[in-house]
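Asker: Have a look; sequence and predicted model below, questions after that.
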Amino acid sequence: MNKFEQLGLSESLLKAILDLGFENPTEVQEKAIPLLLEKDIDLVALAQTGTGKTAAFGFPVIQKIDANNRNTQALILSPTRELCLQITNEIKNYSKYEKGINVVAVYGGASITEQARDIKRGAQVIVATPGRMQDMINRGLVNISQINYCILDEADEMLNMGFYEDIVNILSTTPDEKSTWLFSATMPAEVARIAKQFMHDPMEITVGAKNSGSATVSHEFYLVNARDRYEALKRLADANPDIFSVVFCRTKRDTQAVAEKLIEDGYSAAALHGDLSQAQRDSVMKSFRGKQIQMLVATDVAARGIDVDNITHVVNYQLPDEIETYNHRSGRTGRAGKLGTSIVIVTKSEIRKISSIERIIKQKFEEKTIPSGIEICEIQLLHLANKIKDTEVDHEIDNYLPAINNVLEGLSKEELIKKMVSVEFNRFINYYKKTRDLSSQSSGSERRDRDDRDGASRENNNSGATRYFVNIGSRDNFDWMTLKDYLKETLDLGRDDVFKVDVKEGFSFFNTDPEHTDKVMEILNNVQLEGRRINVEISKNDGGGRRDHNGRSSGGGFGGRSSGGFGGRSSAPREGGFRGDRNSGPREGGFGGRSSAPREGGFRSDRGPAPRREGGFTDRAPRPEGSSDRAPRRSESFGASTPRPRRPRRD
């Protein structure tokens, strides 16, 4: 007997469930569905991403709405267009045997006129992003004053994305007597405030410990130097030949840049971020679902719509600004009872965040070291051997066997295996034997202990920090917060690595730890903002004025910069920061010539010494150590985003 039959669902829904192949309800479905079907209540359901929340509210809402009434009866709010479309498709699949039920998706990036027309034809269920829904309400294109059910899906993520005011305004437009169902992975203060303001004695169900991580996901971190972050990503991919992953970056620009580097270095990768058109997003997701892409590099906002099974790894190339967001990231893997791994590539300045995440997810991280080149060689060669063993023989090759046997005549089995493997191993070992150890010198546990002790004192004692003068300020539309965001995104630094930001009209000051000095000087002095070259100098002003709780300084004027006063540059010589060589990394192997399609591991003709991915090896030689870094090749499909002084628009 199908356990869904015990939840009180209608025959038409059970028939759809059978078609979809669902066998047993998840824990959140088992707890939520009977409650929501039994009576009209307000509900707060806390469950991790990937636990089946859509069905938990989707089945009850379909069963409870009146298909003969064409007015809007249910509104489902979700944070992104991808998730909006995903929920819409799932609701349509659930209701395939319910006659007369219409579901309309309302989201930005599509014609608002067409969406309004679809609603006017009759839509009992609207699935919407908050921004577009508020726009339609303001234009009088939708009427939700008579709805019976309002569902907030991924409520914590919607509020984290800045939709608080939109959600409050939307809920204020709905009737007081409706039922409100709030589904969320975590319960931050803003979610609790929404629940208190708009819900009446809500029942609460929790799957797992509140705000905790999934038990099917293991958590690892790798401590590296900031300049080695990308090289570490490549090695982790090479150490996991069957990797099928989402790689998270903080900004759209970093997402595009990392994806382009991976593509150039031969990995099957693509970018997913808010600057892509809907058609581009759909194309990327289609390739990812088909496993033509092994490494999907994404922003947190764009990844909210990713619902793909069998993701083996989530890689935090950069930790999120909001620690709670880590829970959403790691929830992309370890779904449907399968095991997954969440990897964090962390620098010394960020290591204290690991302890903060552990407290939130109530799970411990395992500290690991980046595999050495020899370890990766062994992993890849064993993977190649298994690929050969498991390969099904295509008997079309039989016609060529006599000629091949003539060429290989006289070789023993052992000699043949050695030669076959050496074709690959020689190139692979030549690439990795010259590479250095990427593991940071100080252990993460030691660093965490020290940072936990010293984290607060750094805020109050910045005697060791470097103070900078930069020639941009409030006339460039910056305040202290937007300038801090711009600097950390441009410099690829953590949220706490830029501090004591003091914005004046035509210039500003900010601090970093001394370890970032070369990076700040090299990058910022080569950046242009709206056609004007940015100039940054080390200041003698220690920024020692009063600071408020947001890190703004009330003291410290514009004077005191190193030799030369207001206009002069520092006379002290500066060494350029390490830019890092971009050796062409391991790439997917194949047999013979290049192909645009992703290839499984195998053999290639001898066209160069550097290794290739997926058990095979590359056709290009690595650039010599210390060679200058050339700009990443631009993807033909997607353009890199440019830095902007203001915060990016919400997706």
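Answerer: Looks like it came in fine. Numbering: from 1, shown residues only.

Asker: make it CA atoms for all contacts and neighbour counts henceforth
Answerer: OK.

Asker: Provide the secondary structure category for the residue lying farthest from the centre of the chain.
Answerer: In the chain, the residue that sits farthest from the middle, by Cα atoms, centre = their mean, is residue 410; the gap is 53.7 Å. Three-state call for residue 410 (DSSP: H, G, I helix; E, B strand; the rest coil): coil.

Asker: Please apply the same query to residue 156.
Answerer: Under the three-state scheme (three-state DSSP), residue 156 adopts helix.

Asker: Look at it and say how many residues are nearby.
Answerer: Counted with other Cα atoms under 10 Å, the neighbours of residue 156 add up to 26.

Asker: State the pLDDT value of it.
Answerer: Per-residue pLDDT puts residue 156 at 83.

Asker: One more: residue 240?
Answerer: Predicted confidence (pLDDT) at residue 240: the value is 91.

Asker: Tell me which helix or strand it sits in.
Answerer: Assessed by DSSP states H and E, residue 240 sits outside every helix and strand.

Asker: Please name the residues that touch it.
Answerer: Applying Cα atoms under 8 Å, 6 or more residues apart in numbering, one finds that residue 240 lies in contact with no residue.

Asker: So it versus residue 294, what's the distance?
Answerer: Computed as Cα to Cα, to the nearest Å, the residue 240 to residue 294 distance reads 11 Å.

Asker: Could I get the full set of helices for the stretch 101-250 of the chain?
Answerer: 112-120, 130-138, 155-160, 164-173, 189-198, 229-238 (DSSP state H, counting those that start in this stretch).

Asker: Longest helix of the protein, counting residues only.
Answerer: In the chain, taking DSSP state H as the definition, the longest helix is helix 413-432.

Asker: which helices and strands sit right next to that one?
Answerer: Applying 3 or more Cα pairs under 8 Å, 6 or more residues apart in numbering; DSSP states H and E, one finds that helix 413-432 contacts helix 373-390.

Asker: which of the residues in the helix it packs on are buried?
Answerer: Within helix 373-390, the residues that qualify as buried by neighbour count (16 or more other Cα atoms under 10 Å) are 373, 376-377, 379-381, 383-385, 387.

Asker: Same question for stretch 473-486.
Answerer: Judged by neighbour count (16+ other Cα under 10 Å), stretch 473-486 contains these buried residues: 473, 476, 478-481, 483-486.

Asker: residues contacting residue 171?
Answerer: By Cα under 8 Å, 6+ apart, the contact set of residue 171 is residue 198.

Asker: before we move on, what about residue 310?
Answerer: 244, 333-335, 338.

Asker: Among the residues you listed, filter down to the buried ones and hand me the ChimeraX syntax, if you would.
Answerer: The buried residues among the contacts of residue 310 can be selected in ChimeraX (16+ other Cα under 10 Å) with this line:
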select :244,333,334,335
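
Asker: could the contacts of residue 310 go into a markdown table alongside secondary structure?
Answerer: What follows is the contacts of residue 310, written out as a markdown table (three-state DSSP):
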| residue | secondary structure |
| --- | --- |
| 244 | coil |
| 333 | coil |
| 334 | coil |
| 335 | coil |
| 338 | coil |
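
Asker: ok, of the contacts of residue 310, which one's closest to residue 16?
Answerer: Residue 16 lies nearest to residue 335 out of the contacts of residue 310, by Cα to Cα, at 21.6 Å.

Asker: That closest one and residue 241, how far apart?
Answerer: Residue 335 is 20 Å from residue 241, where distance means Cα to Cα.

Asker: Much appreciated, bye for now.
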